[in-house]
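[1] have a look at this prediction, sequence included:
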Amino acid sequence: MTRTKKSKPGHKQREEKKLAAAAAQANSTGGPIDAASLIEKAHILLGQSNFELAVKFLDRALELQPTNLEARELVGIAELEAGDEDRGREHLLKLFPPNVPESPSHPSPYLYLAQCAKEAQEALGYYSTATAMLEKSIADKDRKGKGKQDSIADEPEDFDEERQMAVTALVAMIEIWMSDLCFEPAAEKNCDDLIQRALSISPNDQEVKLTLASIRMSQSRFDDAKEVVVSLYNDLEGREPFDPTLPALPARLSLSRLLLEHSKHLEALDILSTVREEDSLNVEGAYLEGWAFYLRAEAIKENPGLLKPTSTAVETKEVIEGEAEDGEPMTIEECLSESMRSLIECARLYADQDYEDEGIGSHVAELLVELEKNGVVPAIHEDEEDDDGDVEMA
């Protein structure tokens, strides 16, 4: 398919109509159509996240060539991405014996099956196979590239993608051992082994470092965890919202939680400011911001010396509120007002989105009751519209 150099008004709509017409033709019994062209169009649709239409193309391709493994894998992926786990899983399992002579030799089907696995051990099995494949490929390419002048930064994009897939799968395995299988005798050792493998593949990966910090926290090695968390924050300090070098929002939320665990309230607020700017509807972001301001107020109560003027940028109103003021640390009253503002917003978002995390809902409700009882008035920012509607927490 040839791409136009410039996108004209209505171009996207016309392309979608063409693809829809092609899909209708693909599902008809007549017409000069072949599986290869259907698969090619399905690739385009998958790239556009148009999973339902991609399924139609791929279903027709499988009618024409029932043994086409590429079509079978792609339709399984498309069904999973569209939300039908049972159908997606059914298609992917047909890539394995006894349906075919040999199991897939590439990691993709294993990774998708791991994500929709019904049991923890099943997921681990698929992840283990996928990571073994990826680590072998990475090691082979490392050996071939040894002695050359090319740096990792100059490696092909698919090699970087392999590294990312490998560490993501290893982190997913660690999460299983730390949650579903946390009481297993081998859980701690397996977590240590897996994180070392991830670090050997990508030692500077932020998600890997976050996972390392979580492991150390679970092992009560708090100083080690704090060292990792502070190092991570130092790497990100000063980056503006929407900076492409910032980790994904879930990783930043995890880092904020870990910073709060170590009483790094202002550092957590610094990271959360980027989350709130990029996604103002994020429930957890609003919750953690309110909780961080609350904890900061509590810290000042215990240590009034925190109110002394500081030259550190993160401890000024400029960073916390996004406004250039006097550079003085926020008072207890200001922190509590900001906390209440964020928590009220979180409560509204929680109700609007019918958010599933009951722990956040109950904690926000508890904090708001306490703040109201103590006569705290929510802060009002100049760019906010007044909204006096009451919110009821589940």
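    Noted; the coordinates are in hand.

[2] tell me how many other residues surround Asp243.
    By other CB atoms under 10 Å, 11 other residues sit near Asp243. Where C-beta positions appear, they are placed from N, C-alpha and C, glycine not excepted.

[3] helix or strand: which one has it?
    Taking DSSP states H and E as the definition, Asp243 sits outside all helices and strands.

[4] do you know how far it is from Asp235?
    Counting by CB to CB, to the nearest Å, the separation of Asp243 from Asp235 is 12 Å.

[5] and if you look at Asp84?
    40 Å.

[6] repeat for Ser342
    Plainly put, Ser342 is 25 Å away from Asp235 if you go by CB to CB.

[7] contacting residues for Ala198?
    Shown here is Ala198, whose contacts under the criterion CB atoms under 8 Å, 6 or more residues apart in numbering are 166-167, 170-171, 174, 205, 208, 211.

[8] show me where the stretch 51-200 of the chain has helices.
    Shown for the stretch 51-200 of the chain, the helices assigned by DSSP state H, counting those that start in this stretch span residues 51-64, 69-82, 85-93, 108-115, 120-145, 157-178, 187-201.

[9] minimum distance to Glu338: which of the ones you listed has it?
    Each of these was checked against Glu338 via CB to CB, and the shortest separation belongs to helix 157-178, namely 32.4 Å.

[10] buried residues, that closest one. List them.
    Within helix 157-178, the residues that qualify as buried by neighbour count (16 or more other CB atoms under 10 Å) are 159, 162-163, 165-174, 176-178.

[11] average pLDDT for stretch 360-371?
    Per-region confidence: stretch 360-371 scores 97 on mean pLDDT.

[12] alpha carbons of that stretch, in PDB - could you do that?
    As requested, the backbone C-alpha atoms of stretch 360-371 are provided in PDB (Å, rounded to 0.1, in the frame of the first residue of the first chain):
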ATOM      1  CA  ILE A 360      -8.300   4.200  47.100                       C
ATOM      2  CA  GLY A 361     -11.900   5.100  47.400                       C
ATOM      3  CA  SER A 362     -12.100   4.300  51.100                       C
ATOM      4  CA  HIS A 363      -8.800   6.000  52.000                       C
ATOM      5  CA  VAL A 364      -9.900   9.200  50.100                       C
ATOM      6  CA  ALA A 365     -13.200   9.200  51.900                       C
ATOM      7  CA  GLU A 366     -11.500   8.800  55.300                       C
ATOM      8  CA  LEU A 367      -9.000  11.600  54.600                       C
ATOM      9  CA  LEU A 368     -11.700  14.000  53.400                       C
ATOM     10  CA  VAL A 369     -13.800  13.400  56.600                       C
ATOM     11  CA  GLU A 370     -10.700  14.200  58.700                       C
ATOM     12  CA  LEU A 371      -9.800  17.300  56.800                       C
END
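
[13] about what we covered before: tabulate the helices of the stretch 51-200 of the chain (CSV), appending distance to Arg252.
    Shown next, in CSV, are those (distance: least, CB to CB, whole Å):
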stretch, distance to Arg252
helix 51-64, 28
helix 69-82, 24
helix 85-93, 28
helix 108-115, 22
helix 120-145, 25
helix 157-178, 16
helix 187-201, 19
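
[14] so who does Val167 touch?
    Neighbouring residues of Val167 by CB under 8 Å, 6+ apart: 198, 201-202, 205, 207-208.

[15] repeat for Leu92
    Leu92 makes contacts with 72-73, 76-77, 80, 109, 112-113, as judged by CB under 8 Å, 6+ apart.

[16] and what of Asn374?
    If you count contacts by CB under 8 Å, 6+ apart, Asn374 has them with Leu336.

[17] Tyr112 too?
    Shown in contact with Tyr112 (CB under 8 Å, 6+ apart): 76-77, 80, 88, 92.

[18] how much space between Leu74 and Ile300?
    With distances defined as CB to CB, the gap from Leu74 to Ile300 amounts to 57 Å.

[19] looking at the chain, which helix or strand is least sure?
    Per-element confidence for the chain was summarised using mean pLDDT, DSSP states H and E. The lowest value among helices and strands belongs to helix 317-321, with a mean of 42.

[20] can you list contacts of the helix or strand following that helix?
    Beyond helix 317-321 on the C-terminal side, the first helix or strand identified by DSSP H and E is helix 332-353. Counting by CB under 8 Å, 6+ apart, the neighbours of helix 332-353 from elsewhere in the structure are 281-283, 286-287, 289-294, 296-297, 300-301, 320-321, 330, 355, 360-361, 364-365, 367-368, 371-372, 374, 376-381, 387, 389, 391-394.

[21] among those, name the ones in helices.
    Secondary structure assignment (DSSP state H) places 283, 286-287, 289-294, 296-297, 300-301, 320-321, 360-361, 364-365, 367-368, 371-372 from the contacts of helix 332-353 within helices.

[22] are any of these buried, and which?
    Among the ones in helices among the contacts of helix 332-353, those scoring as buried are 283, 286-287, 289-294, 296-297, 300, 320-321, 360-361, 364-365, 367-368, 371 (criterion: 16+ other CB under 10 Å).

[23] could I get the buried residue list for stretch 62-81?
    Applying a neighbour-count criterion of 16+ other CB under 10 Å, the buried positions in stretch 62-81 are 62, 65, 68, 71-81.
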